[in-house]
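J.: predicted model and sequence below, questions to follow.
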There are 4 protein chains.
Amino acid sequence: MSLISRTTRGVYTIVPTPFHPGGALDLDSLRRLVDFYEEAGVDGLTLLGQMGEAPKLTQAEALEIVATVVARTALPVVVGVSAPGFGSMRALTCEVMSLGAAGVMVGPPHTLRTDDQIVGYYTEVGEQLGTDVPIAAQDYPLTFSVVMSVPVLTRIAREVPSVVMLKHEDWPGLEKISALRMVEAAGEMPRLSILCGNGGLFLDFEMQRGADGAMTGYCFPELLVDVVRLAADGRTDEAHDLFDAHLPLIRYEQQPGTGLAVRKYIMMRRGLLRADTQRSPGRSLSPAERAEVDLLLLRLGRLDARAVSP
Amino acid sequence: MSLISRTTRGVYTIVPTPFHPGGALDLDSLRRLVDFYEEAGVDGLTLLGQMGEAPKLTQAEALEIVATVVARTALPVVVGVSAPGFGSMRALTCEVMSLGAAGVMVGPPHTLRTDDQIVGYYTEVGEQLGTDVPIAAQDYPLTFSVVMSVPVLTRIAREVPSVVMLKHEDWPGLEKISALRMVEAAGEMPRLSILCGNGGLFLDFEMQRGADGAMTGYCFPELLVDVVRLAADGRTDEAHDLFDAHLPLIRYEQQPGTGLAVRKYIMMRRGLLRADTQRSPGRSLSPAERAEVDLLLLRLGRLDARAVSP
Amino acid sequence: MSLISRTTRGVYTIVPTPFHPGGALDLDSLRRLVDFYEEAGVDGLTLLGQMGEAPKLTQAEALEIVATVVARTALPVVVGVSAPGFGSMRALTCEVMSLGAAGVMVGPPHTLRTDDQIVGYYTEVGEQLGTDVPIAAQDYPLTFSVVMSVPVLTRIAREVPSVVMLKHEDWPGLEKISALRMVEAAGEMPRLSILCGNGGLFLDFEMQRGADGAMTGYCFPELLVDVVRLAADGRTDEAHDLFDAHLPLIRYEQQPGTGLAVRKYIMMRRGLLRADTQRSPGRSLSPAERAEVDLLLLRLGRLDARAVSP
Amino acid sequence: MSLISRTTRGVYTIVPTPFHPGGALDLDSLRRLVDFYEEAGVDGLTLLGQMGEAPKLTQAEALEIVATVVARTALPVVVGVSAPGFGSMRALTCEVMSLGAAGVMVGPPHTLRTDDQIVGYYTEVGEQLGTDVPIAAQDYPLTFSVVMSVPVLTRIAREVPSVVMLKHEDWPGLEKISALRMVEAAGEMPRLSILCGNGGLFLDFEMQRGADGAMTGYCFPELLVDVVRLAADGRTDEAHDLFDAHLPLIRYEQQPGTGLAVRKYIMMRRGLLRADTQRSPGRSLSPAERAEVDLLLLRLGRLDARAVSP
């Protein structure tokens, strides 16, 4: 199976983990999801991120999910392997790479502060996981409390050859994309594939700034695919029009702690998930939230027919 | 001058502090701003918040700003007095109340953690400032790193009579508004006026949840006024339509650290500020950002004629 | 095997994980350590805490360590099972309890802030691990960034029956012990066993305040055993004299990030560990640090003959 | 009056702010304290640090304190001017320098994270305060949540000429002193005066590592003076003996939030302060704490006659 690289482009959708109402893994829904993503035209999948409720799974379950997805699709699959220590990170990485993953994603532990600490951490990750495993570094200060400056990312790109991708979700982050592309253009760092997260909230402009695509879990991956393709084709007005139509929902979905409940609810409404269950700790939408999401879908449906319930 | 109270409603706009290009206070622009806000129909003004660059001012300048604004308008004026200790907080409060402020706003120091610490802090604030000074408590975890739960806010509302208003910018925060209104309805806490911040990003739904209005600095206060009034009149569809037209810009403006530069740039473009200067540490928009904002204004102008440059 | 309970007393020593210079587990040294602790008179052992480098182990290694220790001694063994999610926490708990552990230790995730969040977390831990697994809650704000107030601990003690022990390492913490004992005396919470950490830095006074003993890894467990017994016998002057003799070293060992290197170095010097190796990320003492520790041992040896190298 | 410089050595004691029981400034006690410090042989004084309860003072009170001390003694006086913004920092600095201060001390705002942010902040401080005002940079991660690595301090020393002193209270910090001295010896940064804080907890070894002295507020400044002089004279055994005798109390005093109450209590016992009052928020010792401190003094008195109450 192909690996992620410095030139990877497109949409890697973050896959939620489907559960039965009682909490057991729902692999049927998972397969249905995978088929749906393929039809939606995504370029890859990301499993076992925070949105995938990875910490709530046993290691056996985590591997079962990866095996199920890899067996179902030829799309490249990135797997989140962040862990408090290298013992389990290395073990999990070995397993998923041998199952056929295209790379792994690693976020920094929340205790890192100085530039040297952060660069040192990714250097260690690179050594521990081995030079043949491509890594996506996750730059998400809001969640990890770790601020990765442009000089830090430059150093990581230069010093850790296996870090080939940046999952970009700094906030604000537009200037950062431009700055990284300028450092690359000056020949001072090797190219990184930059896929943007943050729920897609700034995807319209991120593509203009030089991002390669999106890696996020918005409940309409079709929108992400369209915006990335329209932007790639230079059809920016159309990209903005479509993006703006979805923005009220994107904005709603991006609320921390609420977003996953919104996604699972909508994916249940779209017939993809049997249930919107989260394992504990987790929650489902309140009646008021459900009404708000329903209203947002209704309003979206006027502008994008795909938002109308089947 | 009237004081803020538990039943205050409407839009309190956060006023940026205008500077000349060299960094001196620009009181002419400040007066022009005040006139503009009055015409836009806001219900009050908030001075010396973080968006007002308060920490960059000397105490003398801070008082000059309050005096200038109070002399210019009969609108109620809330003044931010957050400080690392009670010495300067009490001194500043005395001064601004005697100048005619309608109340003060206080955010929690970032070191507070437990419920008792937070309640204890606001109890102390109430005692230090005196029972006749109405206080708006600022609930903004993203900036202050202090999480104020519904039980904590309930206790503050019950135990500190002078806290009459909540500047609500928890995120996510919709359920919190509903929860507070339910606790009030159950007779377990006195009513708080709830004005919402967060750049207005959720104002459409916050009004439905029971908020009394907005306290934020979006560069088109007319939009905030319209949404609050349409919501109050039950014209929610119109409120959503107008809100959604502004959402791409609201979203852009809400980027931390960038927002103020966007606001000052647009207010300069609108002829309200002579310059978009921030005192150091501060920044102005990059050329790329300026182009993005210009595009957002152009697109907004198609839907809301007020966004077209004069 | 006996389980920890609300009346557990004495010294539970934190066991470091011995590695060969190349990084492989050194089970011979581990068995030697266990024998040494028994001879030193400790009342129990704690495995797989942060000082045990738990995150650097694979799950298989972690279980091998527990099995080795349990096979070697009849002392009760508490096992650290903190994890970012309940999936692996529950799995590890099942395994170690079936191997014969006396209970598990759980620290809070660093994201918890409000009283309700912390109580809710331990409630969930209690439910996930099952009512028959006794839990030691770890109160260590310096490391976990979670502040557990007396009201919070009171609620946990009341609402989560399986939390029977507090690993107390708040700082400062003396008043907290007194406060908890007063709440117990007032009949408002069930008794907790309180074992103190923080490297033993306040053990002299903690015993006077009502602690039941120590749970820490000071490199001379004999000192911990003596201080706890002398305090229990009311021989406080002797306790202070002995404690003060060790304080320069205790103080030195308590430096975050350095402490484990000191412990492993001294235990190697004492002939207990074959090597002072830490797995990466880790470090050994610099030459300057080694000279400082040697000086401290030399000076200590004048007052406590056991500190003289064999 | 002389200014602090890159070669400043000795003991700068942190002066607490004396209050009458009702909370008013007690300038008589302040003068008595200053006389006492002079007799104790300190080399300088530090005012308006966190231990000086600076945030609880109005600006007028702060200046009154500086004026009172400067009028009483010829010792150099460093004044803490940390503030949330440059407006008040610059104003306060102007005032205290014109009153005759020897320099100012500035800690970093808690929001700084990356290397560039920290260096940028001190660069800005240097520009705002002017090149003729010598600055002590405060490196105290435990309180400020800002981690200043050796490369960061090297850059500050190189790029900000007016930063001449490091108030060193990183923890652990011994290796850091050695590392900084090595960078200096390699000619890669100008010399910094390094005065150590942390309540003196590691002063015995800090002097060996190359520190120039202490800047802290331990209640027996005589001990700090002795240890620094003995170390300077190469009489390290005597230094350790004396230091170890005080360590139980130093350790007790270093508890965050408790330390100031211990200091004020002991200084009241020593006849230096009329009252141990702290302004709110603050606290005095509980009866149990007072008994513990009394015991520590009693035990210390056996080894150092100066600890016996007058």
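T.: Right, received. Where do you want to start?
J.: residue farthest from the centroid of chain A?
T.: residue A:186 (28.6 Å; Cα atoms, centre = their mean).
J.: near chain D at all, stretch A:89-109?
T.: No. Contact of stretch A:89-109 with chain D (Cβ under 8 Å from any Cβ of the partner chain) is absent, the minimum separation being 12.0 Å. Bear in mind the C-beta positions are built from the backbone N, C-alpha and C, glycine included.
J.: interface residues of chain A facing chain C?
T.: Going by Cβ under 8 Å from any Cβ, the residues of chain A near chain C are A:53-59, A:61-62, A:83-88, A:90-91, A:110, A:120-121, A:124, A:128, A:279-281.
J.: switch the cut-off to 6 Å
T.: Chain A has residues A:55-58, A:84-87, A:91, A:110 near chain C, with proximity defined as Cβ under 6 Å from any Cβ of the partner chain.
J.: between those, which has the most around it?
T.: The residue in the residues of chain A next to chain C with the most neighbours, by other Cβ atoms under 10 Å in any protein chain shown, is residue A:56 (24 neighbours).
J.: picking up where we left off before, nearest to chain D among the residues of chain A next to chain C?
T.: Nearest to chain D among the residues of chain A next to chain C is residue A:110, at 11.9 Å by Cβ to the nearest Cβ.
J.: from residue C:109, how far off is the closest one?
T.: Between residue A:110 and residue C:109 the computed distance is 10 Å (Cβ to Cβ, to the nearest Å).
J.: now do residue A:269
T.: From residue A:269 across to residue C:109, the span is 31 Å (Cβ to Cβ).
J.: just to revisit the earlier point, so which of the residues of chain A next to chain C are in helices?
T.: Those of the residues of chain A next to chain C mapping onto helices are A:86-87, A:91, per DSSP state H.
J.: after the lowest-mean-pLDDT helix or strand in chain A, which helix or strand is next?
T.: Ranked by mean pLDDT, DSSP states H and E, the helix or strand of chain A with the weakest confidence is helix A:141-144, at a mean of 90. Heading C-terminal from helix A:141-144, the first helix or strand you meet, by DSSP states H and E, is helix A:150-159.
J.: need the contact partners of that following helix.
T.: Contacts to helix A:150-159, defined as Cβ atoms under 6 Å, 6 or more residues apart in numbering or on different chains, come from residues A:115, A:118-119, A:122, A:163, A:179, A:183, A:189-190, A:192.
J.: what are the buried residues along that helix?
T.: Neighbour counts using 16 or more other Cβ atoms under 10 Å in any protein chain shown place A:150, A:152-157 of helix A:150-159 among the buried residues.
J.: give the rounded mean pLDDT of it.
T.: Averaged across helix A:150-159, the pLDDT comes to 98.
J.: now do stretch A:126-133
T.: What stretch A:126-133 shows for mean pLDDT is 96.
J.: in that stretch, what's buried?
T.: Neighbour counts over stretch A:126-133 (16+ other Cβ under 10 Å) mark A:126, A:128-129, A:133 as buried.
J.: strands - which of the residues you listed land there?
T.: If you go by DSSP state E, the buried residues of stretch A:126-133 have nothing in strands.
J.: for the closest residue to residue A:288 other than its chain neighbours, report the pLDDT, please.
T.: Take residue A:288 and drop its neighbours on the chain: the residue closest to it by Cβ to Cβ, 6 or more residues apart in numbering or on different chains is residue B:178, 6.0 Å away. According to the predicted model, the pLDDT of residue B:178 comes to 98.
J.: residues near residue B:178, how many?
T.: 17.
J.: and it, that one's in a helix?
T.: Yes. According to DSSP: H, G, I helix; E, B strand; the rest coil, residue B:178 belongs to a helix.
J.: residue A:214: which element?
T.: Using DSSP H and E, residue A:214 sits in strand A:213-216.
J.: which helices and strands sit right next to that strand?
T.: On a contact count with 3 or more Cβ pairs under 6 Å, 6 or more residues apart in numbering or on different chains; DSSP states H and E, strand A:213-216 meets strand A:10-14, strand A:193-196.
J.: right, and the helix or strand after the last one?
T.: The first helix or strand that comes after strand A:193-196 along the chain, using DSSP H and E, is helix A:203-209.
J.: just how off-centre is that next one within its chain?
T.: From the chain centre to the centre of helix A:203-209 is a distance of 16 Å (Cα atoms, centre = their mean, to the nearest Å).
J.: for that helix, output the C-alpha coordinates as PDB.
T.: Extracted in PDB, the C-alpha atoms of helix A:203-209 (Å, rounded to 0.1, in the frame of the first residue of the first chain):
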ATOM      1  CA  LEU A 203     -10.200  25.900   4.500                       C
ATOM      2  CA  ASP A 204     -11.300  28.500   1.900                       C
ATOM      3  CA  PHE A 205      -8.200  30.700   2.600                       C
ATOM      4  CA  GLU A 206      -5.800  27.900   3.600                       C
ATOM      5  CA  MET A 207      -5.900  26.500   0.100                       C
ATOM      6  CA  GLN A 208      -4.900  30.000  -1.300                       C
ATOM      7  CA  ARG A 209      -2.000  30.100   1.200                       C
END
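J.: and that helix, what does it pack against?
T.: In terms of contacts (3+ Cβ pairs under 6 Å, 6+ apart), helix A:203-209 is packed against helix A:174-185.
J.: quick one: the buried residues of stretch A:126-133 as CSV, columns for distance to residue D:216 too.
T.: Formatted as CSV, those follow (distance: Cβ to Cβ, whole Å):
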residue, distance to residue D:216
A:126, 42
A:128, 41
A:129, 45
A:133, 49
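J.: what is the burial count for residue A:237?
T.: Residues lying near residue A:237 (other Cβ under 10 Å) number 11.
J.: if we can go back for a sec, my guess is the residue nearest to residue A:288 meets residue B:206, correct?
T.: No. Residue B:178 lies out of contact with residue B:206 (Cβ atoms under 6 Å); the separation is 10.1 Å.
J.: quick one on the thing from earlier: show me which of the buried residues of stretch A:126-133 is closest to chain D.
T.: Nearest to chain D out of the buried residues of stretch A:126-133 is residue A:126 (Cβ to the nearest Cβ; 20.9 Å).
J.: skipping adjacent residues, who's closest to the closest one in space?
T.: What sits nearest to residue A:126 in space, not counting adjacent residues and going by Cβ to Cβ, 6+ apart, is residue A:160, at 4.2 Å.
J.: just checking, the one you found touches residue A:122?
T.: Yes. At 5.1 Å, residue A:160 and residue A:122 qualify as touching, with contact defined as Cβ under 6 Å.
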